[in-house]
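Colleague: Provided below for reference: sequence and predicted model.
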Amino acid sequence: MSVESAKKRKTKVIRSDGGAAEKEARKGRGDGDQENKTYSEEAEVDTRDPAKDYDLYKETCEDLQRLMAEIHELKNKGGKDAAAEIDERRIQSCIHFMTLKKLNRLAHIRLKKGRDQTHEAKQKVDALHLQLQNLLYEVMHLQKEITKCLEFKSKHEEIDLVNVEEFYQDAPSDISKPDFTMNDPHQQTLSRLDWELEQRKRLAEKYKESLANKEKIMKDIEIKKEYLSSLQPRLNAIMQASLPVQEYLSMPFDQAHKQYEIARHLPPPLYVLYVQANSYGQACDKNLTVAIDGDVEEAKALSRPPEDSQDDESDSDAEEEQTTNKRRRPTLGLQLDDKRREMLKRHPLSITLDLKYKDGSVLHLYFYYLMSLNIVTVKTKVTTATEMSVAISAGDLLSPASLLSCLYPGDHGKKTPNPANQYQFDKVGILTFSDYIGDLGHPYAWVQKLGGLHFPKDQPQKCMLADNSLSASHMETTIKLLRVRLQSRLALQKQFASLEHSIVPISSECQHLFPVKIISRLIKWCAISYDDYVVLPYTKHVREADMAHETDLYFSALIERGTAKLHVAIVLNPGYSTIPPIFSICLNWKGEKSSRNDDNLKAMEGEVNVCFKELLGPKPGHQLLTNQIQRLCMCLDVYLETETHDSSVEGPKEFPREKMFLRLVRGPNRIKPFKYNHPQGFFTHR
């Protein structure tokens, strides 16, 4: 082993010496040759084929593998010639390693060149991309500038120039220049602008002249104002001095002037009502007076716009925060109560209409306007010249709830005529408006028309404008109806006072309608309710005919003659005497009889219900009710006196015949003669 190692060392020394000698020989060539070799290797890369180098690389690797396998095999075998063969194969392996190193250098040089070429290409692409971006930006900038130019609007386009025909017709030739401008729109526009400037200069001069005239006129007005202001105290003194003359002549100009000043603050519906009622009173009805009541200052505050500053708002907010911290939050019920009160709030001003009658009675009508609901309501009051005896049954005749009910057919005044109010009521929990009528008044439909308000049915309207023509068209008819209504109620009140004392008052003009002697007498007269009327069996046919309503007045009467008792139920329509009362009767004599089972009682009802026109008496027919009652007494006498006497009963006849009858009965129904003939004094059939 030592020998082999020595041989190895020798061979290494020889190789190293050879290498050193070779290096020295290379050094003798100079540094320039070394540099030329490096550059030649880089240049060699361009001449060599990478595929062939790759094949060489694979062959070299295969040779190395083969040599390494042989060296390994020789080492394993051992022998005398093995060392020399191993050295020879090592030398070959070193040569192959040099080849691999050269191929590695060439690969690195190729890689470096590829990277440099890629970097150069990338720099070129970046430069070109930057140039493209610059060009795109310039294009976008140019497009914006073009758009600005296209969208540019000159101030002359805002000027309303005269049309071309008027320009050439009115402008002088030195401005219009038709030879140059007719075919050149630009020059034409410039010429039109010059003409516009010329016209404006002329108008400016006229404006200055007008201002001078205005100042002169204003000075004249100021002088006249000073004169008029000095004249006002004199006129006031004259008016004060003429007050006694106005009172003596019943011409209160000063009071009327004050009323007109207050009327300016009325809401539109009440203002229309005031103007139309006042006009109607002056033209057609001297006994109608109109007045305005209420707080004028509060009405002015309502019409005045609110003046709220930011400081006031901040102060109020701070106060609200302090108060909310001190007191409890209001409950939902209290909030709803406040909303209801606000919704049902009336305007501070109201209208009072006084209808005076010949007998000294006065009907007072108080009209109010509900601002949130946009409706007008009315309250009533009656004053009489002399104190009248109030009958118990006449309690509802002059009551505000029934006095004006059904002044027009079907107008009960219990529901609001504005359909939009129902939606407002739902928000604050108001079920029916009738619960508040006692405080607010009745919203009759005719009251809305007097105020110029018209509400289409089932069409909610938030805001309706007051119409003067609507108020004027209903004013005369309504005033007449009001007068007739109060007259009829006052007449009924007097009649009821007599009826309660079992006296049927008959005027001298109506005496010829009845015989001199009527034995049947009124025993009882009283008012009953609708529920009491409904339970009466002999009123069923009236109810089935829908001739009895809750808004009507109901009365009960009892007429007697001997053992016969005639019970009477009366329906009195609020429109009496235009609409006649309806009588239902029941006779208690020899059993209970009514119009359902007795044709003669049916005929008696017909005498008062059907033939009522004979009983109207003198106009306006206020004696109709008492005449109907008197006719019932007369018909009861006829009914009883014409009854046949039962021979099995001993003694005198209960109802002797005291009237003259041409014929006792007629027809298969055995109808009695209920018609009275005044001149002859006897009874006949109809």
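Modeller: Arrived safely, thanks for sending. Quick caveat, the model's predicted, so the values are computed rather than measured.

Colleague: What is the subsequent helix or strand relative to the helix or strand containing residue 62?
Modeller: Residue 62 is part of helix 50-77 when elements are defined by DSSP states H and E. Later in the chain than helix 50-77, the nearest helix or strand by DSSP H and E is helix 82-151.

Colleague: Can you list the helices and strands that that next one packs against?
Modeller: If you count contacts as 3 or more Cβ pairs under 8 Å, 6 or more residues apart in numbering; DSSP states H and E, helix 82-151 packs onto helix 2-27, helix 31-47, helix 50-77. For glycine as for every other residue, the C-beta is placed from the backbone atoms N, C-alpha and C.

Colleague: got the angle for that helix vs helix 50-77?
Modeller: Calculated by axes from the mean of the first three to the mean of the last three Cα atoms, to 10 degrees, helix 82-151 forms an angle of 150 degrees with helix 50-77.

Colleague: before we move on, the earlier item: which stretch in the helices and strands packed on helix 82-151 has the least confidence?
Modeller: Confidence, taken as mean pLDDT, is least for helix 2-27 of the helices and strands packed on helix 82-151 (a mean of 40).

Colleague: Could you list the low-pLDDT ranges of the stretch 251-400 of the chain?
Modeller: Within the stretch 251-400 of the chain, the segments meeting pLDDT under 70 span 251-255, 304-333, 388-391.

Colleague: would you list every one of the helices in it?
Modeller: Listed in chain order, the helices of the stretch 251-400 of the chain (DSSP state H, counting those that start in this stretch) span 253-263, 268-283, 296-303, 310-326, 332-343, 400-403.

Colleague: Pass me the low-pLDDT residue ranges in the stretch 101-250 of the chain, would you?
Modeller: Judged by pLDDT under 70, the stretches of the stretch 101-250 of the chain that qualify are 246-250.

Colleague: what number of residues lie near the closest residue in space to residue 623 that isn't next to it in sequence?
Modeller: Leaving aside its sequence neighbours, residue 623 sits nearest to residue 617 (Cβ to Cβ, 6 or more residues apart in numbering; 4.1 Å). Residue 617: 18 surrounding residues under other Cβ atoms under 10 Å.

Colleague: and what of residue 652?
Modeller: Neighbours around residue 652, by other Cβ under 10 Å: 7.

Colleague: helix, strand or coil for it?
Modeller: Each residue gets one of three states, and residue 652 gets coil by DSSP: H, G, I helix; E, B strand; the rest coil.

Colleague: Look up the pLDDT of it for me, please.
Modeller: Looking at residue 652, the pLDDT reads 71.

Colleague: Ok, residue 83 next?
Modeller: Note on residue 83: pLDDT of 83.

Colleague: I'd like the distance between it and residue 77.
Modeller: As defined by Cβ to Cβ, to the nearest Å, residue 83 lies at a distance of 12 Å from residue 77.

Colleague: cool, residue 675 as well?
Modeller: For residue 675, the distance to residue 77 - Cβ to Cβ - is 173 Å.

Colleague: quick one, which of the two is more surrounded?
Modeller: residue 675 (15 against 9).

Colleague: Enumerate every residue touching the more buried one.
Modeller: For residue 675, the contacting residues are 607, 683-686, by Cβ atoms under 8 Å, 6 or more residues apart in numbering.

Colleague: which of those residues lies closest to residue 655?
Modeller: Closest approach to residue 655 among these (Cβ to Cβ): residue 683, at 14.6 Å.

Colleague: ok but that closest one is inside a helix, no?
Modeller: No: under three-state DSSP, residue 683 sits outside any helix and is assigned strand.

Colleague: That one reaches residue 638, doesn't it?
Modeller: Yes: here residue 683 reaches residue 638: they are 5.9 Å apart, a contact under Cβ atoms under 8 Å.

Colleague: which neighbours do the two share?
Modeller: Counting by Cβ under 8 Å, 6+ apart, the contacts common to residue 683 and residue 638 are 659, 661, 673-674.

Colleague: List just the nearest of those residues to residue 169.
Modeller: Closest to residue 169 out of the shared contacts of residue 683 and residue 638 is residue 674 (98.6 Å), distances taken as Cβ to Cβ.

Colleague: Backbone dihedrals for the closest one, please?
Modeller: Residue 674 adopts backbone torsions of phi -100, psi -10, taken as degrees, to the nearest 10.

Colleague: Show the pLDDT at it.
Modeller: 90.

Colleague: ok, how many other residues are close to it?
Modeller: Residue 674: 23 neighbours (other Cβ under 10 Å).

Colleague: so how far is stretch 236-243 from its chain's centroid?
Modeller: Stretch 236-243 sits 51 Å away from the centroid of its parent chain (Cα atoms, centre = their mean, to the nearest Å).

Colleague: again with stretch 351-364
Modeller: Here the centre of stretch 351-364 is set off from its chain's centre by 39 Å, with Cα atoms, centre = their mean.

Colleague: With only the CA atoms kept, save it in PDB.
Modeller: Output in PDB follows, covering the C-alpha atoms of stretch 351-364 (Å, rounded to 0.1, in the frame of the first residue of the first chain):
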ATOM      1  CA  ILE A 351    -121.300  84.200  13.600                       C
ATOM      2  CA  THR A 352    -124.600  84.900  15.300                       C
ATOM      3  CA  LEU A 353    -127.900  85.100  13.200                       C
ATOM      4  CA  ASP A 354    -131.000  86.500  14.900                       C
ATOM      5  CA  LEU A 355    -134.300  85.800  13.200                       C
ATOM      6  CA  LYS A 356    -137.000  88.100  14.600                       C
ATOM      7  CA  TYR A 357    -140.700  87.400  14.400                       C
ATOM      8  CA  LYS A 358    -143.700  89.600  14.500                       C
ATOM      9  CA  ASP A 359    -144.800  88.300  17.900                       C
ATOM     10  CA  GLY A 360    -141.400  89.300  19.400                       C
ATOM     11  CA  SER A 361    -139.900  85.800  19.400                       C
ATOM     12  CA  VAL A 362    -136.300  85.500  18.300                       C
ATOM     13  CA  LEU A 363    -134.400  82.500  16.900                       C
ATOM     14  CA  HIS A 364    -130.700  82.700  17.700                       C
END
